[in-house]
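Novice: what follows is a predicted structure for the sequence shown.
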Amino acid sequence: MSGEVLSRTFEHNFGHGHQHLCHLFAYLMMLAFLIDQVQQHCCSMFLAAVKKAGSRSSL
């Protein structure tokens, strides 16, 4: 495939331009952060590891 065709395919699949792609990645980062926070507060294995280590920074 030529570069022009790949560029059009990329824009079509990811929001028709750089501005929309930027927003998509920002939303994905926020979603990843939310999932991380939920796991930290609800996962018994993570909470046990934090308790054993003494702090989150030492994990």
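Specialist: That came through fine.

Novice: show me the shaky parts of the chain.
Specialist: Filtered on pLDDT under 70, the chain yields the residue ranges 1-19.

Novice: now the helices for it?
Specialist: Ranges of helices in the chain, per DSSP state H, are 3-13, 18-42, 44-53.

Novice: as CSV, those with distance to L59 and mean neighbour count would be great.
Specialist: The way it works is simple: take the backbone N, C-alpha and C, and place the C-beta from them, glycine included. CSV is the format used below for the helices of the chain (distance: least, C-beta to C-beta, whole Å; neighbours: other C-beta atoms under 10 Å):
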stretch, distance to L59, mean neighbour count
helix 3-13, 37, 10
helix 18-42, 10, 11
helix 44-53, 5, 11
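
Novice: phi and psi next, for R56.
Specialist: phi -70, psi -30 (degrees, to the nearest 10).

Novice: what about it, distance to L28?
Specialist: Distance of R56 to L28, computed by C-beta to C-beta, to the nearest Å: 23 Å.

Novice: again with L21
Specialist: L21 is 10 Å from L28, where distance means C-beta to C-beta.
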